[in-house]
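Colleague: below are the sequence and a predicted model; questions follow.
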Amino acid sequence: MAKKEKEEFLHGETGVSGQYKTWFLDYASYVILERAVPAVEDGLKPVQRRILHAMKEMDDGRFNKVANIIGQSMQYHPHGDASIGDAIVNLGQKDLLIETQGNWGDVRTGDDAAAPRYIEARLSKFALEVAFNAKTTNWQLSYDGRKNEPITLPMKFPLLLAQGAEGIAVGLATKILPHNFCELIEASIKYLRGRKFEILPDFQTGGTMDASNYNEGKRGGKIRVRALIEEQDKKTLVIKSVPYGVTTTQLMDSIVKATDQGKIKIKKVTDHTAADIEIIIELAQGISPDITIDALYAFTDCEVSISPNACVIVEDKPRFLSVTELLKISADKTKDLLQKELEIKLGELQEKWHYTSLEKIFFEEKIYKELEKKHETWDKVIVAIDKAFVPFKKLLKREITREDILKLTEKPVRRIYKLDIDDLIDQIKNLEAEIKKVKHDLANLVDFAVAYYENLLKKYGKGRERKTEIKLFDVIQAKTVAIANTKLYVNYTDGFVGSGLKKDEFVAEVSDLDDIIAFTKAGKMKVVKVAEKVFIGKDILHVAVFQKGDERTTYNMIYMDGKSKISFAKRFNVTGITRDKEYDLTKGAENSKVNYFSSNPNGEAEVVKIILTPGCAAKKKEFDFYFEELEIKNRGSIGNQVTKYPVKTVKFKETGKSTLGAKKLWFDNTYGRLNTEEKGELLGKFEPEDRLLAIYNDGNYEILDQELTQRFDVDKILLLEKYNPEKVVTAVYLDNEKLQYNIKRFKIETTTLHSKFYFIKEGKGNRLEMVTTEESPILKVQTGRGQQVNKAKFKVDKMVEVMGWKAVGAKLVDFSKSVEMEWEVKEKPGGQGDLFE
């Protein structure tokens, strides 16, 4: 090969190097446009579009074997049968465009569909209505040039948002989450009417979702999806749904993994899933179900985060859009397609009107007799007929063509004499009415499009209500719910802490996520992560699990300054620190040392006895020191001077009381959580021994402690307050058997913590309607409607005696949907009055 030719072969535009320059771009473009990313017009990837087109060709109303559908689709899709089969199953499992028969697998459990030869499918009525119209479809040749296939289907529905889409191309990916069928139609109507709308994802798998950061499905957005976990009893949890994209097998594997890692503690997990999801979790002895639920969300696939990334093909280019923009494009496209269909229909109706009118004139005016006359040629017959129509052309809406006349002459003679002119007149009137209606629809296109959507909702919306509940999720701190799965040891003398010091002194059970706080004799403090072995400093005085932001745990300390030899006392909290940093709690001089140290979880201030050295100049060698006289300051404070004389020892003398006062608790009814951050409703001030009373709408009450990790279902709880055993509970409940409302008053007689007690009459459909612990409640009752309204007020404490908590109570009023009740807390001033007004 000549040198010049070789150079051209290697480096020319058509040579090896030149082709390498374009091949990758060609490949990337092909994957983006023809494989992974859906088109904005119909929301389909090419393989899905070709499957639907093939199924339309095969459609005769009966089911077809999927294997046959795959074979038909291969005429249009130049890839293997496996990829086509997977795409068909994916479409079928979405239960929208394809009706299925046989074992099509289960997206919840991850079970695969049966082989294509065993399962059948056909287009749904919905698909036939919204996705196909040969007259409005743009066509192109298939890959081998033998057949025509649609460029895009004339989709009159936001299919892309209803089904969702996921695909990985070259250099980009798309992830569009599925949305609710009914809500998409309602949003489309709102958009066409010029009103604001919002659409949020909805999943076949159900569960709950926090979409506060959805960001309209754009890049950078995120949603959190949780499984639905219910407490069956104190020893058993039931998972009743799985998050989107997670199967029951994956979920159970993640639970087992978290258990093996010691993050949660369960006895057994069993999958009882059949028609409904049911995964049973048996808890280990003494494990809180509330903490376990939080831990499942924190450490397993019971909660997953999903980041949407709406990328679609618009005019042969990938574009990143929001779901709002996608819905607007779909609604506008649907309106345009409906307009196009109306225009086509109008043209067809006008053409039919034209020919029917010609036919009427042809026979009514006996123009057909020109056929009986003797003309030299056929062309002259046509001309003669055309000439005979001249007086009537002004009645028509377009010119008469040769084809029109030929069509008239082709009518059989036997039909001419039987033709009913009146029937033709009726046909023309009906056509004119239809033309008028179509023109009206074209002139009022928005109303027509809205009616179209409303019809879709009416015909296909039943059973497609929202399955995923939308709610705000609280942020679960992993540290607070992690199971203590590690033993922590300390070598006080040498100054080491860690899980590997098994020959030294045991401190506590901790989790891998915990931080450890330690104090030394030299007045140093350090916070470290749990590890095998960590050096803190010689002569450790105190080791504990550190709680960041803890403003109640108070440290009391007496230390001697190494320079002045003066002893100081201080009280302080440790709320925020830098991990692994050493903090000096003294004045910083060398040879400073701590003579006394205590940790107090509720700010207790004890009394200590200080004993000075015998040889010091102080007249009083022993005296008591009261920590309650000191203010609680920050850890860097010097403290108050205790004595300038050398201290021999400090001894604990007497337990003190908390100087912090009672702890305030709030209930956040958005998340159903207790807190101390002033979120929600203030429940009151709580001493350590105080309890909570919770009353639920199923007729149970429960006495609880102040543990902040407890979870409350805000849809079920009717009352949550500080428990006072002297208070009287007044409750109104429905007796469903007798169809009446009963009322009862009782005191809480049980003392067991975290056990539910059923206090209304047992029976199917019985439920608690109202409850209060007001001393003298007034109940307002209204019955009847319109002009037959009856109102009454009952002073409950005057008419109902206090009874046992198991008592049935007394009848209040008969059950009726018109009954309305509410408490009037404050009585009117003045006398007792009547029992009701």
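Modeller: Thanks, I have the structure now.
Colleague: can you pull the contacts of residue 229?
Modeller: When contacts are counted by C-beta atoms under 8 Å, 6 or more residues apart in numbering, residue 229 touches 237-240, 293, 296-297, 302. For every residue, glycine as well, the C-beta is placed using N, CA and C.
Colleague: among these, which ones are buried?
Modeller: Among these, those scoring as buried are 237-239, 293, 296-297, 302 (criterion: 16 or more other C-beta atoms under 10 Å).
Colleague: what two of those have the greatest distance between them?
Modeller: 238 and 297 (15.0 Å; C-beta to C-beta).
Colleague: show me the contacts for residue 218.
Modeller: Residue 218 makes contacts with 308, 310, 320-322, as judged by C-beta under 8 Å, 6+ apart.
Colleague: kindly provide the distance from residue 582 to residue 797.
Modeller: Per C-beta to C-beta, to the nearest Å, residue 582 is found 64 Å from residue 797.
Colleague: out of those two, which sits in the busier spot?
Modeller: Taking neighbours as other C-beta atoms under 10 Å, residue 582 and residue 797 compare with residue 797 leading, 17 against 13.
Colleague: give the buried residues for stretch 544-559.
Modeller: So for stretch 544-559, counting by 16+ other C-beta under 10 Å, buried means 544-547, 553-559.
Colleague: end to end on that stretch, go ahead and measure it.
Modeller: Terminal residues of stretch 544-559 lie 20 Å apart, using C-alpha to C-alpha, to the nearest Å.
Colleague: show the average pLDDT along it.
Modeller: Mean pLDDT, stretch 544-559: 91.
Colleague: same deal with stretch 307-320?
Modeller: Averaging pLDDT along stretch 307-320 gives 88.
Colleague: re earlier: just the contacts of residue 229 now: which is nearest residue 369?
Modeller: Using C-beta to C-beta, residue 240 comes nearest to residue 369 of the contacts of residue 229, at 82.3 Å.
Colleague: could you measure from that closest one over to residue 207?
Modeller: Distance from residue 240 to residue 207, by C-beta to C-beta: 9 Å.
Colleague: common neighbours of the two, please.
Modeller: With C-beta under 8 Å, 6+ apart, residue 240 and residue 207 have common neighbours 227-228.
Colleague: only the buried members of the contacts of residue 218: can you turn that into a ChimeraX selection?
Modeller: Selecting the buried subset of the contacts of residue 218 in ChimeraX, with 16+ other C-beta under 10 Å as the burial test, is done by:
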select :308,310,321,322
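Colleague: ok, the contacts of residue 218 vs residue 631, which is closest?
Modeller: Once C-beta to C-beta is applied, the member of the contacts of residue 218 that ends up nearest residue 631 is residue 308, at 52.7 Å.
Colleague: show me the shaky parts of this structure.
Modeller: For the chain, the stretches flagged by pLDDT under 70 are 1-35, 365, 368, 372, 375-376, 411-420, 825-837.
Colleague: can you tell me which helix in it is longest?
Modeller: helix 323-364 (DSSP state H).
Colleague: what is that helix packed up against?
Modeller: helix 159-163, helix 181-192, helix 402-409, helix 421-443, helix 445-460 (3 or more C-beta pairs under 8 Å, 6 or more residues apart in numbering; DSSP states H and E).
Colleague: on the three-state scheme, residue 83 is what?
Modeller: Here residue 83 takes the helix state, with states given by DSSP: H, G, I helix; E, B strand; the rest coil.
Colleague: now name the helix or strand holding the nearest residue to it once chain neighbours are set aside.
Modeller: Closest residue in space to residue 83, ignoring its immediate chain neighbours: residue 47 at 6.7 Å, by C-beta to C-beta, 6 or more residues apart in numbering. Remark: residue 47 resides in helix 46-58, with elements defined by DSSP states H and E.
Colleague: neighbouring contacts of that helix?
Modeller: 34-35, 38-39, 42, 44, 64, 68-69, 72-73, 75-77, 79, 83-84, 87-88, 91, 97-98, 121-123, 127-128, 131-132, 149-150, 152-153.
Colleague: for ChimeraX, what selects the buried ones among those residues?
Modeller: To isolate the buried subset of the contacts of helix 46-58 in ChimeraX, counting by 16+ other C-beta under 10 Å, use the following:
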select :34,35,38,39,42,44,64,68,69,72,73,75,76,77,79,84,87,88,91,97,98,121,122,123,127,131,132,149,150,152,153
